[in-house]
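Visitor: sequence unknown, structure follows:
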């Protein structure tokens, strides 16, 4: 093993965590053959097979399981060394590792660009996840900061709200409920809904917005993509519950309309989250301060929504 490289260990860890060469390749921005080559080289150094395949699925061998724990420890030590050295670089020379739930990718790149423009030399490592994926990144210490709506309750984290996050009911412009005032939630339940998948952040927000009435919802379609949901609603397949921050362009061009529903918009908040005992690099601390101080006003400017409380 003395000739194994950190790159090979990182590729192996990604394949082992995903139990998929293709998903690991996507995560690492590599081709699948490149991933396979790195794993094969590591197996040669280890003189052991690290994976075995049954049908279309791959599994860790006993040797692979043992090496996975060692690899993670080595990777964490290198990351700790990188963080320690970053402390001496300050903000401008630092690397910002931040993850965000999918609703945030409609505005978050703009916040990163604004922050980077003020701190020359900052390297950005930005990733978008569903809620489950982002929680995994926090738990596995793969991100410094996480941007989400519903912070974890089973992790020891620091959760700081920095901006309001409204959710609304949307429909196509020709929907019969468009223009009606004070629509009741009970009447909505008779309408076909196009919704995000159960377990997603949007689904959990629906649970909060509809409460016990959610059991009566008429689900016409369950889709994992917010963009596809918007197109389905525009086409007249149903109405939907969506983050107001994801529909700014559709409201501007008139392809979607917000229904006037009692109790809506549902106003939640964006949070910046990190592990309580994580030693934040200066660049991560500076970005957190940036979000807490200016995030709300910048988001309101990037994805304006009528009815969103004005930032102070």
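Guide: Yes, it's here. Just so it is clear, the model here is predicted, and its values are computed rather than measured. Numbering: from 1, shown residues only.

Visitor: separation between the closest residue to residue 135 other than its chain neighbours and residue 106?
Guide: Nearest-residue entry for residue 135: residue 152, 5.7 Å, with adjacent residues in sequence omitted and distances by C-beta to C-beta, 6 or more residues apart in numbering. In this view, the C-beta of every residue, glycine as well, is placed from N, C-alpha and C. For residue 152, the distance to residue 106 equals 23 Å [C-beta to C-beta, to the nearest Å].

Visitor: who has more neighbours, these two?
Guide: Neighbour comparison, residue 152 and residue 106: the larger count goes to residue 106, with 20 against 17 (by other C-beta atoms under 10 Å).

Visitor: for the more buried one, grab phi and psi.
Guide: For residue 106, the backbone dihedrals (degrees, to the nearest 10) come out as phi -80, psi -20.

Visitor: wasn't the residue nearest to residue 135 part of a strand?
Guide: No. Inclusion of residue 152 in a strand is not indicated when DSSP: H, G, I helix; E, B strand; the rest coil is applied; the result is coil.

Visitor: who's in contact with it?
Guide: Each residue near residue 152 by C-beta atoms under 8 Å, 6 or more residues apart in numbering is listed here: 135, 138, 273.

Visitor: run a quick neighbour tally on the first one.
Guide: Applying the criterion other C-beta under 10 Å, we find 22 residues in the vicinity of residue 135.

Visitor: now residue 184. Nearest residue, chain neighbours left out?
Guide: On the basis of C-beta to C-beta, 6+ apart, the spatially nearest residue to residue 184 that is not a chain neighbour turns out to be residue 262, at 5.8 Å.

Visitor: pull the contacting residues for the one you found.
Guide: Applying C-beta under 8 Å, 6+ apart, we find residue 262 in contact with 182-185.

Visitor: centre of the chain to stretch 218-236, how far?
Guide: 19 Å (C-alpha atoms, centre = their mean, to the nearest Å).

Visitor: could you tell me the end-to-end distance of it?
Guide: Length of stretch 218-236, first residue to last, C-alpha to C-alpha, to the nearest Å: 15 Å.

Visitor: now do stretch 40-55
Guide: According to C-alpha to C-alpha, stretch 40-55 extends 20 Å from its N-terminal end residue to its C-terminal end residue.

Visitor: ok, and what's touching it?
Guide: Surrounding stretch 40-55, the residues in contact under the criterion C-beta under 8 Å, 6+ apart are 1-4, 8-9, 11-12, 15-16, 39, 58-61, 63-64, 67.

Visitor: for it, buried residues please.
Guide: By neighbour count on 16 or more other C-beta atoms under 10 Å, the buried set for stretch 40-55 is 41-43, 46, 50-51.

Visitor: stretch 255-270 now?
Guide: Applying a neighbour-count criterion of 16+ other C-beta under 10 Å, the buried positions in stretch 255-270 are 255-259, 261, 264-266, 268-270.

Visitor: ok, for residue 230, nearest residue in space, not its chain neighbours?
Guide: residue 250 (6.1 Å).

Visitor: ok, that neighbour touching residue 234?
Guide: Yes. Residue 250 is in contact with residue 234 according to C-beta atoms under 8 Å; the separation is 7.4 Å.

Visitor: neighbour count for these two, which is higher?
Guide: More neighbours sit around residue 250 than around the other of residue 250 and residue 234, counting by other C-beta under 10 Å; the figures are 19 against 15.

Visitor: are any of the contacts of stretch 40-55 buried, and which?
Guide: Using 16+ other C-beta under 10 Å, the buried ones in the contacts of stretch 40-55 are 4, 8-9, 11-12, 15-16, 39, 58, 60, 64, 67.

Visitor: one step back: distance from the helix or strand harbouring the residue nearest to residue 230 to the middle of the chain?
Guide: In the assignment (DSSP states H and E), residue 250 maps to helix 248-253. Chain-centre distance of helix 248-253: 23 Å, with C-alpha atoms, centre = their mean.

Visitor: before we move on, what about stretch 54-62?
Guide: Between the mean C-alpha point of stretch 54-62 and the mean C-alpha point of its chain there is a distance of 28 Å (C-alpha atoms, centre = their mean).
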